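[1] I would like the atomic coordinates for the input below:
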Amino acid sequence: MARKSLNQGLGAAKAAKQDEFYTQYIDIQKEVEAYLEFDPDTFRGKIVYCNCDDPFESNFFKYFAANFNKLSLKRLITTSYDGSPIAGQGTLFPEYNEGNGKRQQPKALAVIVDHVKDEDGDGAVNIDDVKLFLKRNKAARIALKGDGEYPGGDFRSAECIALLKDADIVVTNPPFSLFREYVAQLVECKTKFLIIGNQNAITYKEIFPLIKDNKLWLGVHNGGTKWFQVQEDYDIKTESRKKIVDGTKYFSMGSIMWFTNLDHGRRHQQLPLMTMAENLKFSKNLNGKTAYDRYDNYDAIEVGTYKEIPSDYDGMMGVPITFLDKYNPDQFEIIGITKTWHGGASKTYPKQIQIGKDGTKSEVTKLNDGPVLKVLKPPVRLTYYTVGGIFYIQLYARVLIRRRHAQLGKGTKK
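    Numbering: from 1, shown residues only. Have a look, this model is predicted:
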């Protein structure tokens, strides 16, 4: 579940509701099991902490509780926050049911599970046994009161930080609006983690250096469209992005990634490559060019897709941020990113005239925040820029990479 702290007035509370949604069980299961395929002992003897998930609805809690013994967990901790609009719709706890069956507004809780056994005597151990255990044992749930700065259950509160310091692995869907701060806390506490975030987080100046330094990487099942449960009054304009299943409301979001520092097999798979000549001959994206384009403001060639990375080029290349889903640290070295805050550009442009697709002109400085290609004439149906009578187009942010262990020799280009 993602949510924003509610201690900043009504405006923040409204924003928080738009930042709260629940990950589907199947998405969690597929991702976690990919790490078990690489190392079956990934979670053995570990304390797993879901610190943005209440046990009323969270599928993170349900998955780890149902698979507690299979994963050989030492302990499972999950925390909810005070006033969650979704939490408690299917409450496990009787104290949140009024006499008329209507749920009360849930308060922040920490739920701690240190064993799972056959509580109902049916011969099987599953989530029903966890529910029964929690109903019978009030000691397994602790009220979180928060502190002067953050409400109960906020991951930044002193209570939640204390729980974090005892945890081995954090697995959750944190608030996207607080993603930078959330990751910084995990790094400071030196905690292993597997969390969900938006693809754009790759370009954050607080996140990309961690990727570059091999302290954070993408998980296994990234991209595509994922569906998330949302509160009943959540709404978006695009009808195709929302649905109701058995009375539960969902909305879809694209470009969702798993961010982690847990090792998995996919990041060690060698990416097959063709030579530069082969790419120029066979790639439809290169469109019969005789050479790769070079950036005007970075000493690198433009590689529009990971499939076009040449196997015989030793110089620097700019690739889309989606390349990181294929990134093998043994095969490639990350040099940087084409964002102003990172530096590395070979030139700075004066103010430019931007000509939009509709012909609208405006004075901007956008060329200094991204890779730039010089073109001979104004492109058709594309936004372009002019500086001193020269035409330019700007591309989306590129990750700058170089092949590792590349050695100059016959047939090798630089």
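
[2] Give the residue spans of the stretch 251-400 of the chain that score low on pLDDT.
    Counting by pLDDT under 70, the stretch 251-400 of the chain contains low-confidence residues at 252.

[3] So which residues of it form strands?
    Along the stretch 251-400 of the chain, counting by DSSP state E, counting those that start in this stretch, strands occupy 256-260, 301-302, 317-320, 332-337, 352-355, 361-364, 372-375, 384-387, 390-394, 398-403.

[4] now the ones you listed in TSV, with mean neighbour count and distance to Lys135?
    Where C-beta positions appear, they are placed from N, C-alpha and C, glycine not excepted. What follows is the strands of the stretch 251-400 of the chain, written out as TSV (neighbours: other C-beta atoms under 10 Å; distance: least, C-beta to C-beta, whole Å):
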stretch	mean neighbour count	distance to Lys135
strand 256-260	23	33
strand 301-302	20	60
strand 317-320	22	50
strand 332-337	20	49
strand 352-355	18	62
strand 361-364	10	60
strand 372-375	18	62
strand 384-387	18	64
strand 390-394	17	58
strand 398-403	21	50
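
[5] Quick one: these as a markdown table, columns for distance to Phe193 too.
    A markdown table is the format used below for those (distance: least, C-beta to C-beta, whole Å):
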| stretch | distance to Phe193 |
| --- | --- |
| strand 256-260 | 6 |
| strand 301-302 | 33 |
| strand 317-320 | 25 |
| strand 332-337 | 20 |
| strand 352-355 | 40 |
| strand 361-364 | 38 |
| strand 372-375 | 36 |
| strand 384-387 | 40 |
| strand 390-394 | 34 |
| strand 398-403 | 22 |
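
[6] how about the nearest residue to Lys165 once chain neighbours are set aside, what does it touch?
    In this structure, Lys165 finds its nearest non-sequential neighbour in Cys189, 5.8 Å apart by C-beta to C-beta, 6 or more residues apart in numbering. Neighbouring residues of Cys189 by C-beta atoms under 8 Å, 6 or more residues apart in numbering: 161, 164-165.

[7] Could you measure from Cys189 over to Phe332?
    Separation of Cys189 from Phe332 (C-beta to C-beta, to the nearest Å) stands at 29 Å.

[8] Thr191 too?
    Separation of Thr191 from Phe332 (C-beta to C-beta) stands at 27 Å.

[9] so what pLDDT did the residue nearest to Lys165 get?
    We have a pLDDT of 97 for Cys189.

[10] Quick check: it vs Glu363, distance?
    For Cys189, the distance to Glu363 equals 46 Å [C-beta to C-beta].

[11] and the longest helix seen in the chain with strand 256-260, angle?
    Longest helix in the chain by number of residues (criterion: DSSP state H): helix 25-38. Computed with axes from the mean of the first three to the mean of the last three C-alpha atoms, to 10 degrees, the direction of helix 25-38 lies at 40 degrees from that of strand 256-260.

[12] packing partners for the next helix-or-strand element following helix 25-38?
    Downstream of helix 25-38, the next assigned helix or strand under DSSP states H and E is strand 47-50. In terms of contacts (3 or more C-beta pairs under 8 Å, 6 or more residues apart in numbering; DSSP states H and E), strand 47-50 is packed against helix 59-66, strand 75-79, helix 158-166, strand 169-172.

[13] ok, now with 10 Å
    Using 3 or more C-beta pairs under 10 Å, 6 or more residues apart in numbering; DSSP states H and E as the contact test, the elements touching strand 47-50 are helix 59-66, strand 75-79, strand 109-113, helix 158-166, strand 169-172, strand 192-198.

[14] What helices and strands are in contact with the shortest one?
    Right, strand 169-172. helix 25-38, strand 47-50, helix 59-66, strand 75-79, helix 179-188, strand 192-198, strand 256-260.

[15] now Arg403: how far from Ile321?
    The gap separating Arg403 from Ile321 is 18 Å, by C-beta to C-beta.

[16] Count residues in the vicinity of Ile195, would you?
    If you count neighbours by other C-beta atoms under 10 Å, Ile195 ends up with 23.

[17] Quickly list what the spatially most central residue of the chain is bridged to.
    For the chain, Gly197 is the residue whose C-alpha lies nearest the centre (C-alpha atoms, centre = their mean; 2.2 Å). Note on Gly197: beta-bridge partners Met257, judged by DSSP bridges.

[18] ok, it - contacts?
    2, 173-176, 179, 182-183, 204, 207, 218-219, 255-259 (C-beta atoms under 10 Å, 6 or more residues apart in numbering).

[19] Met274: neighbour count?
    Applying other C-beta under 10 Å, we find 17 other residues in the vicinity of Met274.

[20] Can you tell me how far it is from Asp263?
    Taking C-beta to C-beta as the measure, Met274 falls 28 Å from Asp263.

[21] now Gly356, nearest residue through space, not along the chain?
    Excluding its sequence neighbours, the residue lying closest to Gly356 (C-beta to C-beta, 6+ apart) is Thr383, at 5.3 Å.

[22] Please verify my assumption that that neighbour contacts Lys366.
    Yes - using C-beta atoms under 10 Å, Thr383 is in contact with Lys366, at 9.3 Å.

[23] what's the overlap in contacts for those two?
    Residues touching both Thr383 and Lys366 (C-beta under 10 Å, 6+ apart) are 354, 394.

[24] just to revisit the earlier point, want to try a markdown table for the contacts of Cys189, with distance to Asp296 and pLDDT as columns?
    Below are the contacts of Cys189 laid out as a markdown table (distance: C-beta to C-beta, whole Å; pLDDT from 0 to 100):
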| residue | distance to Asp296 | pLDDT |
| --- | --- | --- |
| Ile161 | 47 | 97 |
| Leu164 | 46 | 98 |
| Lys165 | 48 | 97 |
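
[25] Now list the buried members of those residues.
    Among the contacts of Cys189, the ones that count as buried by 16 or more other C-beta atoms under 10 Å are 161, 164.

[26] closest to Phe251 out of the helices and strands packed on strand 47-50?
    Phe251 lies closest to strand 192-198 among the helices and strands packed on strand 47-50, at 14.2 Å (C-beta to C-beta).

[27] how about the following helix or strand past the closest one: buried residues?
    Going down the chain from strand 192-198, the next helix or strand is helix 208-212, by DSSP H and E. Across helix 208-212, burial judged by 16+ other C-beta under 10 Å covers 208-212.

[28] And stretch 156-172, by the same measure?
    Neighbour-count burial for stretch 156-172 flags 156-157, 159-161, 163-164, 167, 169-172 (criterion: 16+ other C-beta under 10 Å).

[29] How about stretch 128-141?
    Using 16+ other C-beta under 10 Å as the test for burial, stretch 128-141 gives 129-131, 133-134, 140-141.
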